[in-house]
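Undergrad: here's my sequence, what's the structure:
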Amino acid sequence: MIKKIIIGIIFINNLFAITGKEVIQKEKQLQSTLTEQSHELMLLIDEDGTKEKRELKRYIKKNKLTNLRDALITFIKPVDINGVALLEKQYKKGEEIQWLYIPELKKLQRIAKGSKKNYFMGTDFTYEDLSPIKIDNYTYKLIKKEPLQVSQSDKLENCYVIEMIPTQKFAPNTNYGKKILWITTNHFYTKKIEFYNKNNKLIKTQIAWDFINPTGTVYRPIKIKVDNLEENHKTLVKVINIKINENIKNKIFSKTYILNEEHMVSE
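TA: Sure thing, here's the model as predicted:
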């Protein structure tokens, strides 16, 4: 009996040799890049089965000295949203500011804090989802470890299952009461996220698969699917080209660049 108890204690200690916060920190460390460029296809599926195809480009650049991040998403197709862009800049106080550009209006509209809970351009990603997670905005709990396979083409991998709950200070700024993440134990990338509202109801799931290893410890999914359970709506993303740590001109992340509609001309 004593031997079984000792074995049980050793097992539990091994299971929780890493904390939930440490898993998130490790993921952030290993998956960090200086620049990213991607060309993506997107498919939106309504509750009645209506489908809408989109094409977009995404740019991300991190300042080596300040570690602050700029990002730009710009739509290419269909024609009616060509040139619509979302610009995001991080500032030293830890705040991200986002601006939406609509070509017909010829101006950048700042996204208010309260509006970051809204969905971006009819997708199932909120403006909040498009910003990087700040570690100090959440508390973390390692719930368990379990194998996970999210699709037929995905491989079965062991994952840490992490519960993230917004801190009391951050809670008013998020639409979510908690998130649960499945992060692989070997390469520390996220395969699945469950999003819960503040009544602890599951409202959205996101899965990612067909990961590639473009450089070093960095892994990126080629396919992503978001199921919006509240709206009975889906967003599917397929990455058709990705470049990591290649030079991106700083001007791409300037307001002038967007207002002059240079983002609508192929670089």
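Undergrad: between the two ends of stretch 91-102, how far is it?
TA: From its first residue to its last, stretch 91-102 covers 24 Å (Cα to Cα, to the nearest Å).
Undergrad: check stretch 244-264 too.
TA: Stretch 244-264 stretches 22 Å from its first residue to its last (Cα to Cα).
Undergrad: where do the helices sit along the protein?
TA: Remark: helices assigned in the chain by DSSP state H are 2-15, 20-30, 255-259.
Undergrad: weakest of those helices in terms of mean pLDDT?
TA: By mean pLDDT, the lowest-scoring of the helices of the chain turns out to be helix 2-15, with a mean of 48.
Undergrad: strands of the protein, start to end?
TA: Here the chain has its strands, by DSSP state E, at 35-45, 51-62, 69-77, 85-90, 96-102, 107-110, 138-148, 157-166, 178-184, 190-196, 202-215, 218-228, 233-244.
Undergrad: okay, and the helix or strand of this structure with the least pLDDT?
TA: Between all helices and strands in the chain, the lowest mean by mean pLDDT, DSSP states H and E belongs to helix 2-15, at a mean of 48.
Undergrad: the strands of the chain into CSV, with extra columns for mean pLDDT, distance to Lys21 and mean neighbour count?
TA: Bear in mind the C-beta positions are built from the backbone N, C-alpha and C, glycine included. As requested, these are exported to CSV (pLDDT from 0 to 100; distance: least, Cβ to Cβ, whole Å; neighbours: other Cβ atoms under 10 Å):
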stretch, mean pLDDT, distance to Lys21, mean neighbour count
strand 35-45, 97, 25, 17
strand 51-62, 96, 22, 17
strand 69-77, 96, 21, 20
strand 85-90, 95, 21, 21
strand 96-102, 94, 21, 18
strand 107-110, 94, 32, 13
strand 138-148, 97, 4, 15
strand 157-166, 98, 9, 19
strand 178-184, 98, 12, 20
strand 190-196, 98, 15, 20
strand 202-215, 97, 21, 17
strand 218-228, 97, 21, 19
strand 233-244, 97, 26, 16
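Undergrad: could you dump the ones you listed to a markdown table with distance to Asp129?
TA: Listed next are those as a markdown table, based on distance: least, Cβ to Cβ, whole Å:
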| stretch | distance to Asp129 |
| --- | --- |
| strand 35-45 | 14 |
| strand 51-62 | 13 |
| strand 69-77 | 12 |
| strand 85-90 | 12 |
| strand 96-102 | 12 |
| strand 107-110 | 18 |
| strand 138-148 | 14 |
| strand 157-166 | 13 |
| strand 178-184 | 10 |
| strand 190-196 | 9 |
| strand 202-215 | 8 |
| strand 218-228 | 9 |
| strand 233-244 | 10 |
